[in-house]
Each structure stands twice: as C-alpha cells, then as structure tokens.
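K.L.:
compute the structure for the input listed below.
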Amino acid sequence: MSLQHALIDILADGKFHSGNELGEKLNVSRSAVWKALQQLRGFDVDIHAVHGRGYRLAEPLELLDSHTIQPALNAQTQNHLQSLDIIFDVDSTNAWLLKAQHKHAVVCLAERQHAGRGRRGRDWISPFAANLTMSLGWRFELDITAMSSFSLICGVAVVRALKRFGVAELGLKWPNDIICQGKKLGGILIEMRGESGGPCELVVGVGLNVRMPSSMVSIDQPWIDLQHAESISRNLLAASMIDELIDACIACSNGHFDDYLKDWRDLNIYSDKPVAIHMMDGSIVSGHFSDIDESGALLLQTSDGLQRFTCGEVSLRSG
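P.N.:
Coordinates of the predicted model:
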C-alpha cells in the first residue's frame with residue numbers, strides 16, 4: 001500500500017488528525033506526511049488544514065474495501081470469482097485487466113481512474129473516490145460474433161443491480177448508457193479479444209456516477225449521480241453489480257439471454273420515438289426507433305424503410 005493510500009485510509013473518517021499523529025501511525029516523518037498530502041490534493045481530494053488541529057477531509061469518504069464487498073457477494077458469484085483487486089490509482093480498469101495474465105472471472109475496481117475511456121474515444125471522468133469504476137474479465141467458449149448483443153445485456157445487469165437499492169426512473173440508451181431521471185448516470189465499455197470460430201475473452205468496463213463534485217462542469221451532457229437519486233454504499237453497490245454481471249455472463253454462456261433483451265426493450269428510453277442516428281462519418285439518419293434485433297442492432301423505421309444499425313450515436317430528433 002502506498003503512503004498516499006495509507007494516509008487517505010486514516011483521513012477517510014472526516015475527523016482532524018495532527019501531523020504528529022499521522023507520522024506516528026504511518027511511521028514516517030511529518031515532511032513525508034506533508035508531501036503525501038500534496039499528492040492527494042493533486043487527485044482533487046479536498047483536504048482542510050487548521051493550525052493547532054491538523055488535517056481532515058472536507059467530508060468523510062467511503063473507500064472501496066474488499067473485506068466489505070466479498071462477504072456481500074452471493075454464493076454463485078463467490079463460487080466463480082477468481083480474484084478481486086482494488087487499485088488506488090490506475091489509467092483505466094479495462095486497460096489494467098487487458099494486460100493481466102488471467103482474464104476469466106476476475107474483477108478490478110479503482111478509487112481513481114485518470115485515463116478512463118468511454119465510447120468513440122471519449123474520456124470518462126472519474127474523480128478520486130467519487131464514482132464506481134470497475135471492470136470484469138470473462139472467457140466465453142463462444143464465437144466472438146455471438147457476443148454482439150452483450151453490451152445491451154450488461155446494461156440490463158447494471159440496472160438490475162441499481163434496482164436492488166430502490167433507484168427509480170432508470171432507463172437504457174442504445175447501446176450502453178445508463179440513464180436515471182432522464183440524465184446520464186453511467187456507461188459501459190466492452191472490449192473483446194478472440195478469433196472467429198473460437199473462444200473469446202471480454203472485458204466489461206462499467207462507470208457509475210456515485211458522488212460527483214458539482215464542479216465537474218466539463219462533462220458535455222446532462223448527468224446525475226446516485227447522491228442525487230439515492231444514498232448508496234459504493235461497496236454494497238459494487239457487490240451487487242459483480243453479482244448481476246456474473247449472472248449475465250453465465251446466462252449468456254448457456255445461451256439464456258432472451259429475458260435480458262426483453263428487459264432491455266422495456267428500459268429503452270427511445271422506444272418508438274423519433275430519433276437521429278449520428279454516424280462516424282458525420283452523416284445523420286432520422287426515423288423512429290422501432291426495435292432491436294437478436295444481435296442487439298438498432299432497427300430504425302425511416303422513409304426508405306426499416307434500416308439496421310450496429311453503431312452510431314442516438315439522440316431524440318427535434319422538430
């Protein structure tokens with residue numbers, strides 16, 4: 001454990017701790033404590049310093065804790081899960097898992113992700129201890145082409161996890177945005193490795209806004225966090241998401257994904273609405289969101305008939 005990690009573990013209670021106390025607990029000099037505090041401030045951690053009292057966080061933090069997460073997992077998950085890693089600071093949980101030697105039934109979570117990726121190369125903003133950022137690795141004995149609807153299935157799994165905590169007004173935006181009260185709550189990024197005709201390895205990255213600072217004005221779309229919807233433990237939510245995602249992986253391995261696609265249709269926020277599909281080349285196709293097919297492709301009813309899309313950005317059509 002790094003000095004910064006050990007320091008934030010002590011400060012997480014939101015109480016004042018003197019420099020002497022911190023140095024003694026960590027067995028380092030006050031100078032080393034001060035340097036570690038500056039590094040934490042570089043993570044946008046709000047630390048108050050008061051002469052004669054010491055240091056404290058602006059508010060308590062719930063740090064991720066495997067000793068809380070693992071006992072909360074259901075029996076099936078505990079039977080399948082091979083490893084659970086919690087990382088203090090990482091470029092991307094997906095990238096970390098993709099580099100790992102073993103990618104089956106493994107999970108990593110991060111307190112801070114400084115180079116997270118969304119769809120189409122976008123950044124995924126994840127301040128320290130503010131969100132739930134995790135990735136799950138799974139090996140499927142299936143052709144990679146059979147996994148084309150998996151991002152939709154994972155979206156349903158995340159919604160099911162959130163519903164356990166009473167989060168209301170949830171929906172899904174094709175193909176992989178989690179929506180709450182009409183605003184973006186989170187997203188999913190799936191990366192696949194495999195060859196046609198053989199097994200494949202998937203890494204499922206999930207990011208959920210849990211306690212986003214109001215200063216995050218650089219996000220270019222309406223967003224919401226769970227702090228404004230429901231007050232939820234990050235650790236218990238992590239356990240619920242791991243349960244549901246592993247359930248989804250097992251169901252897909254056995255070819256049992258019809259219930260997930262049915263639920264996705266029920267959660268589709270744009271069902272039978274006029275939408276515009278913004279393509280990578282800059283073109284826009286307009287029509288009514290008709291359905292999804294069994295592969296997860298979007299079916300759009302246009303003036304030229306029913307068209308099928310496997311990529312693109314969907315938005316409500318104005319006018």
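
K.L.:
can you tell me the centre-most residue of the chain?
P.N.:
residue 207 (1.8 Å; C-alpha atoms, centre = their mean).

K.L.:
hey, where'd the helices end up in the stretch 201-319 of the chain?
P.N.:
234-253, 258-267 (DSSP state H, counting those that start in this stretch).

K.L.:
list the helices and strands the last one packs on?
P.N.:
When contacts are defined as 3 or more C-beta pairs under 8 Å, 6 or more residues apart in numbering; DSSP states H and E, helix 258-267 packs onto helix 150-163, strand 170-173, helix 234-253, strand 284-292. In short, each C-beta sits where N, CA and C put it, glycine included.

K.L.:
can you give me the mean pLDDT across that helix?
P.N.:
Helix 258-267 carries an average pLDDT of 96.

K.L.:
what's the angle from that helix to helix 150-163?
P.N.:
70 degrees (axes from the mean of the first three to the mean of the last three C-alpha atoms, to 10 degrees).

K.L.:
got the angle for helix 258-267 vs helix 234-253?
P.N.:
Using the same axes, to 10 degrees: helix 258-267 against helix 234-253 is 120 degrees.

K.L.:
and the contacts of helix 258-267?
P.N.:
Contact partners of helix 258-267, identified using C-beta atoms under 8 Å, 6 or more residues apart in numbering, comprise 149, 152-153, 155-157, 159-160, 170-172, 248, 251, 271, 291-292, 294, 296.

K.L.:
let's go with 7 Å and repeat that
P.N.:
By C-beta atoms under 7 Å, 6 or more residues apart in numbering, the residues outside helix 258-267 that reach it are 149, 152-153, 155-156, 159, 170-172, 248, 271, 292.

K.L.:
who wins for proximity to residue 53 among the helices and strands packed on helix 258-267?
P.N.:
When the helices and strands packed on helix 258-267 are compared by C-beta to C-beta, helix 234-253 sits nearest residue 53, at 28.1 Å.

K.L.:
and the closest one, what does it pack onto?
P.N.:
Packed against helix 234-253 by the contact rule (3 or more C-beta pairs under 7 Å, 6 or more residues apart in numbering; DSSP states H and E) you find helix 66-72, helix 75-80, strand 131-140, helix 150-163.

K.L.:
show me what the residue nearest to the centre of the chain is bridged to.
P.N.:
Counting by DSSP bridges, residue 207 is bridged to residue 133, residue 187.

K.L.:
do you know how far it is from residue 310?
P.N.:
Separation of residue 207 from residue 310 (C-beta to C-beta, to the nearest Å) stands at 23 Å.

K.L.:
now residue 10
P.N.:
According to C-beta to C-beta, residue 10 stands 49 Å off from residue 310.

K.L.:
looking at these two, which one has more neighbours?
P.N.:
Just comparing residue 10 and residue 310: by other C-beta atoms under 10 Å the higher neighbour count belongs to residue 10, 14 against 11.

K.L.:
now the helix or strand where that one lies: buried residues?
P.N.:
Residue 10 is part of helix 3-11, with elements assigned from DSSP states H and E. Applying a neighbour-count criterion of 16 or more other C-beta atoms under 10 Å, one finds 3-8, 11 buried in helix 3-11.
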